[in-house]
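Undergrad: structure, please.
(chains A and B)
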Amino acid sequence: MLTIDQRDTKVNTMKFSISRIAGIALAFGLAIAGNVQAAEQGDAAPTHFPIEQPKQVEWSFAGPFGKWDIGQLQRGLKIYTEVCAACHSLNKVSYRNLADLGYSEAQIKAYAAEYELPDEPNADGEIEDRPARPSDKFVGPYPNAEAAKAANNGAAPPDFSLLAKARAPLRGFPTFVFDVFTMYAENGPDYIYSLLTGYVDAPAGTEVPEGGSYNPYFIAGSSLAMAPPLSDGLITYEDGSPETVDQYAKDISAFMMWAAEPKLVERKSLGFKVMIFLLIFAGLLYFTKKRIWSSVKH
Amino acid sequence: MSGGHSAYVPKSGFGKWMDARLPLARLVYDSFVAYPVPRNLNNWYTFGAILSLMLIIQLITGIVLAMHYTPESTMAFASVEKIMRDVNYGWLLRYMHANGASFFFIAVYIHIFRGFYYGSYKNPREVLWILGVIIFILMMATGFMGYVLPWGQMSFWGATVITGFFTAIPIVGDSIHTLLLGGFAVDNPTLNRFFSLHYLLPFMIIGVVILHVWALHVTGQTNPTGVEVKSEQDTVPFTPYATMKDLLAMIVFMLVLAYFIFYMPNFLGHPDNYIEAQPLVTPAHIVPEWYYLPFYAILRAITFDIGIPFTDIVLINSKLGGVIAMFGSLLIFFVVPWLDTSKVRSAAYRPLFKQFFWIFVIVCVGLGWLGSKPAEGIYTTMSQIFTFWYFFHFIVILPVLGLVEKPKPIPASITEAVLAKTGNGDTSNANN
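TA: Purely as a prediction, here's the structure:
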């Protein structure tokens, strides 16, 4: 928690300097534009979302040597199973993929068997339900998209499989340039964490539609159809981790990142080998080239 | 190919036998071993080799990806996810291909601007330049169609917006639009034909690249002084000099590419493309891939109709105007060799041109930034100013500068320039 607070201050200072740079750039733009149009500013209702940029969390999978925190992913699965799965599908992930989370074949089989899906037609041409197998994709809460819409006031809850990559508020210039050097690629889980912990009472004057909940971190408006899904003590942890909204939000965000990018750790560890190889190769080539060109002035 | 002389001497008996029948080894030797290149080429001249490598990487990863991809609108998105999750190293192939496209464009933009800076398009290299522009346009078409294939939200809506341009063409616009899409809206037929064309165009690119390299080997390379090669002393043989230099540059470029592939593979993409295409849900901001942004800004800068003054007659409405400006901004590259009236090639000896070159670079980067912004308020005004300058640079500055600019004294030869720089009277011949 402390680290997040520290980061917040850091982000704020950075924001300050960025706004100054932006201000200078804008002034420059206005000057050459001649045709000055009043820049949108001030007390009007916000028109750009999210209102607040996501908070930055320290993830175990960030950075060049990022690894999954297996315990965290298991807790995330528990949250998904007990809370999120009531509305959100996970249809690109198979039960067998849970092996990544350290579960045995028997455990995965038992987990999958708790869900049912329509079988192939039997010898009589009838379709019956059968328990899911490890090779099946996660069975969703609704039989089809229309049913999902009908049960949720016309807005189907998004599938979880890729959400950690599909929800990443744009960082804008020049922050995105710095991101290249800080290797910041955790926009998605940061966003999900911020959203889940970001529900607050709407400020005076902000209208929240019927059935909506105000959340300044929401990417597409000031309120969203999902009511705060987590509350302290909602899910029981067996490993002694704190049973708080903050911890829940981190765990489900990490789980969703795994669901969206299951090869993340494999990618980073192969990447390190490739980078080392290319660096050594480039070094050898540099000296070879230098040697070859040493007799030629150029 | 230098001066029609071939230095190739077949060594083995088989080599002699083959050389008398199909002198392929001779062609390779003359083109990539003995071929003389100016001794003073700097690292900006390595991007041609880097581009060849990128083309090969895109072809190999693309052909393997096509083995696993399903070009059908209800299955395309899922098939890409299958590649990412279940195909062995599928994630690597796809990230290489997607980031490879971005880096292909980074390399081609550097290559083009190197050409602008050193006046590489001037007599006698006009055809070489024009072939390059054709490659660039083919690359843009290929990249655009490739971005549609994952069938995400930006794929779908990008395709809808870009193909919509064609409806602006008077009379035949709607027919072209329907032909392009295979229907009245982007749908399965569009995906099918884009996949087919995305597979075809790279091979057309290879064809034009061969012509491009051929034309290069006829005229020889330019160099940072812009002075033509005058004697053997001005050159070094391609191998080992250029080969080693190009190889080093390629590996350094790969290093940067690898950083993106392995550590920030989605940095250059748009998050919305991880949402499957939904024809009824329009994204808040439809933006093309970053490498099209300057042209997208030019397209959107034309917000006004062009007509006969003091009447209501509209000759070109804003939509058609935008499309003309966008295509014009590309097509104008074709006539650059004739717009630039200066006899001096290199910006190194053109003090005024050098400044305008850098202003032009800033304008292009600025247009790219504006292309990513919503088309409203100050952004539109700035886009219009930058678009104006973009065309002003080609149509007015290039012709006028050649007439009014007083160039700096030009060295008599490449060797003289090199020795002046290294400050040594040594005239050791590189070919020794």
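
Undergrad: quick one: contacts for A:Val265?
TA: Counting by C-beta atoms under 8 Å, 6 or more residues apart in numbering or on different chains, A:Val265 makes contact with A:61, A:66-68. Using the backbone N, CA and C atoms, a C-beta is placed for each residue, glycine as well.

Undergrad: please repeat the previous calculation with a cut-off of 6 Å.
TA: By C-beta atoms under 6 Å, 6 or more residues apart in numbering or on different chains, the contact list for A:Val265 reads A:67-68.

Undergrad: could you report the neighbour count for the closest residue to chain B within chain A?
TA: Residue of chain A nearest chain B, by C-beta to the nearest C-beta: A:Gly271 (2.5 Å). By the criterion of other C-beta atoms under 10 Å in any protein chain shown, A:Gly271 has 20 neighbours.

Undergrad: so it is in which element?
TA: helix A:264-293 (DSSP states H and E).

Undergrad: tell me the buried residues in that helix?
TA: Using 16 or more other C-beta atoms under 10 Å in any protein chain shown as the test for burial, helix A:264-293 gives A:264-265, A:267-268, A:270-271, A:274-275, A:278, A:281-282, A:285, A:289, A:292-293.

Undergrad: for the stretch 101-250 of chain A, list the residues in contact with chain B, please.
TA: Contact residues (C-beta under 6 Å from any C-beta of the partner chain) of the stretch 101-250 of chain A with chain B: A:162, A:165-166, A:168, A:183, A:185.

Undergrad: and with 10 Å instead?
TA: A:137, A:158-159, A:161-170, A:172-173, A:176, A:179-180, A:183-185, A:187-188, A:191, A:219-221 (C-beta under 10 Å from any C-beta of the partner chain).

Undergrad: biggest helix in chain B by residues?
TA: helix B:188-219 (DSSP state H).

Undergrad: what's the next secondary structure element after it?
TA: strand B:235-237.

Undergrad: partner strands of that following strand and their direction?
TA: strand B:36-38 (antiparallel) (DSSP bridges).

Undergrad: quick check: mean pLDDT of the partner strand?
TA: Averaged across strand B:36-38, pLDDT comes to 95.

Undergrad: next SSE after it?
TA: Next along from strand B:36-38, by DSSP H and E: helix B:47-68.

Undergrad: dihedrals phi and psi, the closest residue to B:Trp389 other than its chain neighbours?
TA: Leaving aside its sequence neighbours, B:Trp389 sits nearest to B:Val363 (C-beta to C-beta, 6 or more residues apart in numbering or on different chains; 5.0 Å). With angles defined as degrees, to the nearest 10, B:Val363 sits at phi -60, psi -40.

Undergrad: residues near B:Val363, how many?
TA: 19.

Undergrad: wait, it touches B:Ile397, no?
TA: No. Between B:Val363 and B:Ile397 there is no contact under C-beta atoms under 10 Å: 11.2 Å.

Undergrad: okay, and the common contacts of these two?
TA: Common neighbours of B:Val363 and B:Ile397 (criterion: C-beta atoms under 10 Å, 6 or more residues apart in numbering or on different chains): B:Trp389.

Undergrad: contact partners for the residue of chain A closest to chain B?
TA: A:Gly271 touches A:64-65, B:92, B:258-263, B:265, counting by C-beta under 10 Å, 6+ apart.

Undergrad: you'd agree B:Ala258 is in a helix?
TA: Yes. Counting by DSSP: H, G, I helix; E, B strand; the rest coil, B:Ala258 is found in a helix.

Undergrad: so how far is B:Tyr95 from it?
TA: 10 Å (C-beta to C-beta, to the nearest Å).

Undergrad: same thing with B:Ala215?
TA: In terms of C-beta to C-beta, B:Ala215 sits 34 Å off from B:Tyr95.

Undergrad: higher neighbour count, those two?
TA: Counted by other C-beta under 10 Å, B:Ala215 and B:Tyr95 do not tie: B:Tyr95 has more neighbours, with 21 against 18.

Undergrad: just for chain B, where's the confidence low?
TA: B:1-4, B:423-432 (pLDDT under 70).

Undergrad: spatially nearest residue to the residue of it found nearest chain A, not counting backbone neighbours?
TA: Chain B approaches chain A most closely through B:Phe262 (2.5 Å), counting by C-beta to the nearest C-beta. Distances taken as C-beta to C-beta, 6+ apart put A:Gly271 closest to B:Phe262, at 2.5 Å, once the chain neighbours are dropped.

Undergrad: in stretch B:277-291, what's buried?
TA: Those would be B:277, B:283, B:286-291, for stretch B:277-291 by 16+ other C-beta under 10 Å.

Undergrad: filter those by proximity to chain A?
TA: Applying C-beta under 10 Å from any C-beta to the buried residues of stretch B:277-291, those adjacent to chain A are B:283, B:287.

Undergrad: tell me the mean pLDDT for stretch A:227-239?
TA: pLDDT averaged over stretch A:227-239 gives 96.

Undergrad: give me the element A:Pro141 is part of.
TA: A:Pro141 belongs to no helix or strand, assigned by DSSP H and E.

Undergrad: pull the residues that contact stretch A:137-157.
TA: A:80-81, A:84-98, A:112, A:114-118, A:131-132, A:158-161, A:210-212, A:224-226, A:259, B:78.

Undergrad: now it, how far from the chain's geometric center?
TA: Chain-centre distance of stretch A:137-157: 21 Å, with C-alpha atoms, centre = their mean, to the nearest Å.

Undergrad: and the pLDDT for A:Glu116?
TA: For A:Glu116, pLDDT reads 95.

Undergrad: phi, psi of it?
TA: phi -120, psi 150.

Undergrad: which non-adjacent residue is nearest it?
TA: A:Asp129 (4.3 Å).

Undergrad: tell me the bridge partners for the one you found.
TA: Residues in beta-bridge contact with A:Asp129 (DSSP bridges): A:Pro118.

Undergrad: what ranges does the stretch 51-200 of chain A have for its helices?
TA: A:70-82, A:105-113, A:145-151, A:163-166, A:175-182, A:187-196 (DSSP state H, counting those that start in this stretch).

Undergrad: out of these, which is closest to B:Leu403?
TA: helix A:175-182 (39.5 Å; C-beta to C-beta).

Undergrad: tell me what angle that closest one forms with helix A:187-196.
TA: With axes from the mean of the first three to the mean of the last three C-alpha atoms, to 10 degrees defining the directions, helix A:175-182 sits at 120 degrees from helix A:187-196.

Undergrad: with only the CA atoms kept, save helix A:175-182 in CSV.
TA: C-alpha atoms of helix A:175-182 as CSV (Å, rounded to 0.1, in the frame of the first residue of the first chain):
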residue,chain,number,x,y,z
THR,A,175,4.5,9.8,-21.1
PHE,A,176,4.4,7.0,-23.7
VAL,A,177,7.9,7.9,-24.7
PHE,A,178,9.2,7.4,-21.2
ASP,A,179,7.3,4.1,-21.0
VAL,A,180,9.6,2.6,-23.6
PHE,A,181,12.5,3.1,-21.3
THR,A,182,10.8,2.2,-18.0
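
Undergrad: contacting residues around that helix?
TA: So helix A:175-182 is contacted by A:11, A:14-15, A:18, A:53, A:62-63, A:170-171, A:184-185, A:187, B:256, B:259-260, B:263-264, B:267-268, B:372 (C-beta under 10 Å, 6+ apart).

Undergrad: in that helix, what's buried?
TA: Applying 16+ other C-beta under 10 Å to helix A:175-182 flags A:175, A:180 as buried.

Undergrad: same thing with stretch B:184-203?
TA: B:186, B:188, B:190-191, B:193-195, B:197-199, B:201-202.

Undergrad: can I get these in TSV with distance to B:Pro170?
TA: Output for those, formatted as TSV (distance: C-beta to C-beta, whole Å):
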residue	distance to B:Pro170
B:Val186	23
B:Asn188	29
B:Thr190	23
B:Leu191	28
B:Arg193	24
B:Phe194	25
B:Phe195	30
B:Leu197	25
B:His198	29
B:Tyr199	32
B:Leu201	27
B:Pro202	33
